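J.: fold the following and give me the result.
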Amino acid sequence: MGYLGFYFDMTACIGCRTCQVACKDKNDLKVGTIFRQARTYETGAYPAPGVYHYSGTCNHCASPKCVEGCPTGAMHVAEDGTVQHDKNKCIGCRYCTWACPYGVPQFIKDLGKVGKCDSCKDLRDEGANPVCVDACPMRAIEWGDTDELRMKYSNTTSDLAILAESSRTKPSLVIKPKAIAQQKDFKYKEV
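T.: Numbering: from 1, shown residues only. The predicted structure is shown next:
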């Protein structure tokens, strides 16, 4: 059995940001704080630039740098293998925000603490999916055992030009990429 994590089908994503809105609503996040972020990138050159969308959140890494950077144990690996955050232990030092190469943990100024995607643990404990999964109109996001997701979907990766090298953290992330999103020789910009 592998780690629990997300599958993202970049070839199906239309960049609607419904996953982002559903996550923000479920977690009652104020302006400026986003746990799941959908981004649009443009790469290549005229006359044939490429556009792709990426929806990302906590990758629930097997070697999480945020956990290594947390001095209080607030950021920790739970029994189910996901990376969780205990807000009662958090002192707001932000070491996890600096350590995560994906920029996932968010400092919430009003609370003076950090927050992040917990993969909707409360919903999962009741047998439901994370809210982003069910919100996606294109069914581009799935949650499950990453080994099973890799077997279910062919031509997947955990590496994209816009992400940190997967060897650094071993993310529990399975991506069906667009070819252009893997071309490191192209410059890309967020639009």
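
J.: name the SS class of residue 119, please.
T.: coil (DSSP: H, G, I helix; E, B strand; the rest coil).

J.: burial measure for it, as a count.
T.: When neighbours are counted by other CB atoms under 10 Å, residue 119 registers 27. For the C-beta atoms, the positions are set from N, CA and C on the backbone; glycine is no exception.

J.: cool, residue 152 as well?
T.: If you count neighbours by other CB under 10 Å, residue 152 ends up with 13.

J.: so for it, what's the pLDDT?
T.: We note a pLDDT of 96 for residue 152 in this prediction.

J.: tell me the contacts of it?
T.: Residue 152 makes contacts with residue 7, as judged by CB atoms under 8 Å, 6 or more residues apart in numbering.

J.: and it, how far is that from residue 136?
T.: Here the criterion is CB to CB, to the nearest Å. By it, residue 152 lies 17 Å from residue 136.

J.: same question for residue 109.
T.: Applying CB to CB to residue 109 and residue 136 gives a distance of 29 Å.

J.: what of residue 182?
T.: 22 Å.

J.: likewise residue 167?
T.: Plainly put, residue 167 is 28 Å away from residue 136 if you go by CB to CB.

J.: neighbour count winner among the two?
T.: Neighbours per residue (other CB under 10 Å) separate residue 167 from residue 136, with residue 136 holding more: 22 against 10.

J.: who's in contact with the more buried one?
T.: Here residue 136 is in contact with 18-19 (CB under 8 Å, 6+ apart).

J.: got a pLDDT number for it?
T.: 98.

J.: try residue 3
T.: Predicted confidence (pLDDT) for residue 3: 89.

J.: OK, contacts around it?
T.: 60, 62, 81-82, 145-146, 172.

J.: strands - which of those residues land there?
T.: residue 145 (DSSP state E).

J.: spatially central, which residue of the chain would that be?
T.: residue 57 (2.0 Å; CA atoms, centre = their mean).

J.: so for that residue, what's the pLDDT?
T.: At residue 57, pLDDT is 97.

J.: isn't it up against residue 141?
T.: No - look at residue 57 against residue 141 with CB atoms under 8 Å: they stay out of range, at 9.3 Å.

J.: which neighbours do these two have in common?
T.: Counting by CB under 8 Å, 6+ apart, the residues touching both residue 57 and residue 141 are 6, 132.

J.: could you count how many residues lie near residue 89?
T.: Residues lying near residue 89 (other CB under 10 Å) number 14.

J.: what's near enough to touch it?
T.: 72-74.

J.: which ones are touching the residue nearest to it when sequence neighbours are not counted?
T.: Using CB to CB, 6 or more residues apart in numbering and skipping the chain neighbours, the partner closest in space to residue 89 is residue 74 (3.8 Å). For residue 74, the contacting residues are 85-91, 96, 114, by CB under 8 Å, 6+ apart.

J.: among those, name the ones in helices.
T.: If you go by DSSP state H, these have residue 96 in helices.
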